[in-house]
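S.K.: With the input below, show me the fold.
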Amino acid sequence: MSARPAALFALDDAHLPLLFPPDLLEALRATVDIDPGLAVRDFGDERVRALLPEVEMLITGWGCPPITPQVLDGLPRLRTVVHTGGTVKSLLDPAVFGRRVAVSSAADANALPVAEYTLGMILLLGKGIFALREDYRTALAPPADLLSRDVGNVGRRVGVIGASRIGRRVMELLRPFDFDVLLHDPYVDAAEAVRLGAHATSLEELLMTSSITTLHAPATPATRHLIDADRLRLMPDGATLVNTARGSLVDTEALTRHLTTGRINAVLDVTDPEPLPAHSPLFRLPNVFLTPHVAGSQGNELSRLGRSALSEVERAVRGEPMAHRVDLAALPRSA
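M.R.: Numbering: from 1, shown residues only. Predicted structure coming up:
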């Protein structure tokens, strides 16, 4: 019998080689006793049920079936869940925490590519690239007012809504540039905002004075349609809303009405519903830059999530506190 703790993958096996390329998989197998050829999609599967009583650790990811109290009953030795994705809200029943199972996620690792996507969009927006692209495509020649346009990133005001993991990463990445950054987060006071490189303000003030507003708040009942018709009206003409958080933060119908007039612009990596229906005007509007929920880890970036998970597995096996342990008390106001 192996002295290594028994572990089990519970995720979509299509993601497994991206999360754990050969070097990471080898290191993982040296730390825990795990079958790299088995990735659970159904805890009720007969073959899987026979293995569950010995499992001490689950390594989960996108495609993992929910871990319910019934599933936990079949996992009497489970002590650790290491999630290779971000949020665990839809994955874990609160009973998991009640049984003193340590839970870790790769939310911090996944925050980086989202913040990088956001930074890239902010820099391009500040230069007026999207409007310039449309003008260039129409005229087939550079605009005559190219140098005199009201564009540029010196002193441009960027409003960050939500000092989440991603929001904080975005503010960190904005520091080397000459932006004026505002922050709205009800859980962050003025002094902490300054430490993050921003000035704390109300949501209304942020929307009224920012030329670029970027959303990084969690999806909770309190934040549903945080950006509604009334708040969209506060945004100045020509301002842009960037959403890489969750589509539910924005009233899609109200946003579509504002965008259709051309008064404001949007960069949307997430929508509500997701995906949008084929008839949505957002696919065709020139003032909308729409991407299919790709700001998070893609392609080789998944290996960063696997590396984060491997580090957590190694800490757990050594009996050390995990670096990215999920706090049950903080879940209601986190992503």
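S.K.: how's this protein carved up into domains?
M.R.: Split into domains by automatic domain parsing, the chain comes to 7-105+299-333, 110-290.
S.K.: first to last residue in the first one, what's the distance?
M.R.: Distance across domain 7-105+299-333, first residue to last, is 30 Å (Cα to Cα, to the nearest Å).
S.K.: go on, the longest one?
M.R.: With Cα to Cα as the measure, the ends of domain 110-290 fall 20 Å from one another.
S.K.: starting at the chain centroid, how far to it?
M.R.: 15 Å (Cα atoms, centre = their mean, to the nearest Å).
S.K.: ok so, going back, in TSV: the domains of the chain, plus mean pLDDT and mean neighbour count.
M.R.: In short, each C-beta sits where N, CA and C put it, glycine included. Below are the domains of the chain laid out as TSV (pLDDT from 0 to 100; neighbours: other Cβ atoms under 10 Å):
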stretch	mean pLDDT	mean neighbour count
domain 7-105+299-333	94	17
domain 110-290	96	18
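S.K.: which one's the longest helix in this protein?
M.R.: helix 107-126 (DSSP state H).
S.K.: Endpoints of stretch 3-18, how far apart?
M.R.: Start-to-end, stretch 3-18 (Cα to Cα) is 27 Å.
S.K.: Ok, stretch 69-82 next?
M.R.: 18 Å.
S.K.: Which residues does that stretch contact?
M.R.: Stretch 69-82 is contacted from outside by 6, 43, 49, 52-60, 65, 67, 88, 92-93, 95-96, 99-104, 309, 312-313, 316, 322, using Cβ atoms under 8 Å, 6 or more residues apart in numbering.
S.K.: what about 7 Å?
M.R.: 43, 49, 52-60, 92-93, 95-96, 99, 101-104, 309, 312-313, 316 (Cβ atoms under 7 Å, 6 or more residues apart in numbering).
S.K.: Now, those that are in helices?
M.R.: 49, 95-96, 309, 312-313, 316.
S.K.: can you give me the strands in the stretch 101-250 of the chain?
M.R.: 102-105, 157-161, 180-184, 199-200, 212-215, 240-243 (DSSP state E, counting those that start in this stretch).
S.K.: Packing partners of the last one?
M.R.: With contacts defined as 3 or more Cβ pairs under 7 Å, 6 or more residues apart in numbering; DSSP states H and E, the packing partners of strand 240-243 are helix 107-126, strand 212-215, strand 265-268.
S.K.: Output the ones you listed as a markdown table; include the columns distance to Phe177.
M.R.: Listed next are those as a markdown table, based on distance: least, Cβ to Cβ, whole Å:
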| stretch | distance to Phe177 |
| --- | --- |
| helix 107-126 | 8 |
| strand 212-215 | 12 |
| strand 265-268 | 17 |
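S.K.: can you pull the contacts of the nearest residue to Pro21 once chain neighbours are set aside?
M.R.: Leaving aside its sequence neighbours, Pro21 sits nearest to Ser303 (Cβ to Cβ, 6 or more residues apart in numbering; 5.6 Å). Contact analysis of Ser303 by Cβ under 7 Å, 6+ apart lists 18-19, 21, 24.
S.K.: again, only this time at 8 Å
M.R.: 18-21, 24.
S.K.: pretty sure Arg4 is in contact with Leu28, am I right?
M.R.: No. Contact criterion Cβ atoms under 8 Å: Arg4 and Leu28 do not qualify, at 10.2 Å.
S.K.: show me what contacts Gly262?
M.R.: Gly262 makes contact with Asn287, according to Cβ under 8 Å, 6+ apart.
S.K.: hmm, 10 Å instead?
M.R.: Contact partners of Gly262, counting by Cβ atoms under 10 Å, 6 or more residues apart in numbering, are 237-238, 285-287.
S.K.: In JSON lines, list the residues you listed along with distance to Leu331.
M.R.: Output for these, formatted as JSON lines (distance: Cβ to Cβ, whole Å):
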{"residue": "Asp237", "distance to Leu331": "39"}
{"residue": "Gly238", "distance to Leu331": "38"}
{"residue": "Leu285", "distance to Leu331": "36"}
{"residue": "Pro286", "distance to Leu331": "40"}
{"residue": "Asn287", "distance to Leu331": "36"}
